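**Q** prediction below, plus the sequence it came from.
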Amino acid sequence: MADLNGKTVLITGASRGIGEAAAREFGAQGANVVLAARSLDAVSAIADEIGDKAQALACDVSDRNSVEAAVAQAVARFGGLDILINNAGILAPIGHIGDTDPDDWGHVIDVNIKGVLYGIHAALPHMSKGGTIITIGSGAASSALEGWSAYCTSKAAVHHLNACLDREYRSRGIRALVLSPGTVATQMQRDIKASGMNPVAAMDWSDHIPPEWPARALVWMCTRAANDFLGGVVALREDPIRRRIGLIK
């Protein structure tokens, strides 16, 4: 695993699911962990459990000022920023394009695309000596799924944003990667199930991986072992990748 002692990681959407699991995993590996989410109470409780190396911050990723403030507070507390995990994301609205409210559709863009851009833009000045920026992507980036037009579009965009980040900043020491975790046993999957729309809603709960798997993948992606994926996507659905990370034999 990565030598994360003394390293600082900022994780958005850290109040539950993949974000919470990642915060706990990075904390267990010795990193300073900054948990950012809209609900300060939720991330404060998790940070208290992780210990003195954890900081909880209120952050709305759709608000550029909020993201910049979170990064500034993380740097002030720990003296720098080494890793950014762009995890915060939303799925709704679920529905056919003509039946969804364009304002709701646009909010997905604000969170899932602009929120990622805000994080990258705020983090880069603090990574002059290099750093790792990982964005949570999705197989929906390359698959058109009924009722998910906003989500599919947003994930396709951040996959390309990651590739652009790599093209422009790899020579400056920035490691840019996307984690496509597959279907994970989180609240989002419960919302998908309740919608009853498209084949993902028909999946059995046992088909979804636990959030601890993508958390471990994120830590692995911060090591040189993942360097052949720079600018690209680590697809956790694939057994060879799971074996490389040590999730399966």
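**A** Structure's in. What do you need? Numbering: from 1, shown residues only.

**Q** hang on, Leu165 packs against Ile133?
**A** Yes. Leu165 is within contact range of Ile133, at 6.6 Å (criterion: C-beta atoms under 8 Å). All C-beta atoms are positioned from the backbone trio N, CA, C, and that covers glycine.

**Q** between those two, which contacts overlap?
**A** Common neighbours of Leu165 and Ile133, counting by C-beta atoms under 8 Å, 6 or more residues apart in numbering, are 120, 174, 176.

**Q** the residues you listed in helices, which ones?
**A** Residues of the shared contacts of Leu165 and Ile133 located in helices (DSSP state H): Ile120.

**Q** switch the shared contacts of Leu165 and Ile133 over to CSV; also include distance to Ala14, pLDDT and neighbour count.
**A** Conversion of these to CSV gives the following (distance: C-beta to C-beta, whole Å; pLDDT from 0 to 100; neighbours: other C-beta atoms under 10 Å):
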residue, distance to Ala14, pLDDT, neighbour count
Ile120, 17, 98, 23
Ile174, 22, 98, 21
Ala176, 20, 98, 25
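
**Q** report how many residues lie close to Asp48.
**A** 11 (other C-beta atoms under 10 Å).

**Q** pretty sure Arg237 sits against Leu179.
**A** No. With contact defined as C-beta under 8 Å, Arg237 and Leu179 do not form a contacting pair (11.1 Å).

**Q** which one of the shared contacts of Leu165 and Ile133 sits closest to Glu25?
**A** Of all these, Ala176 has the smallest distance to Glu25: 20.4 Å, by C-beta to C-beta.

**Q** distance check, the residue lying closest to Glu25 once chain neighbours are set aside against Ser128.
**A** Spatial nearest neighbour of Glu25, chain neighbours left out: Ala215 (4.0 Å); criterion: C-beta to C-beta, 6 or more residues apart in numbering. Distance of Ala215 to Ser128, computed by C-beta to C-beta, to the nearest Å: 28 Å.

**Q** between those two, which one's more packed in?
**A** Legend: neighbour count by other C-beta under 10 Å for Ala215 and Ser128, higher for Ala215 (25 against 11).

**Q** who's in contact with that one?
**A** By C-beta under 8 Å, 6+ apart, the neighbours of Ala215 are 18, 21-22, 24-26.

**Q** sorry, back to before: what helix or strand is the residue nearest to Glu25 on?
**A** Here Ala215 sits within helix 212-221, counting by DSSP states H and E.

**Q** could you point out which element follows that helix?
**A** With DSSP H and E, the next secondary element past helix 212-221 is strand 233-235.

**Q** give the next helix or strand downstream of that following strand.
**A** helix 239-245.

**Q** how many other residues sit next to Asp101?
**A** 10.

**Q** Arg190 too?
**A** 11.

**Q** which residues sit against the helix or strand Leu117 falls within?
**A** Using DSSP H and E, Leu117 sits in helix 115-123. For helix 115-123, the external contacting residues (C-beta under 8 Å, 6+ apart) are 10, 12, 61-62, 64, 67-68, 70-72, 81, 84, 86, 88-89, 131, 133, 135, 158, 161, 165.
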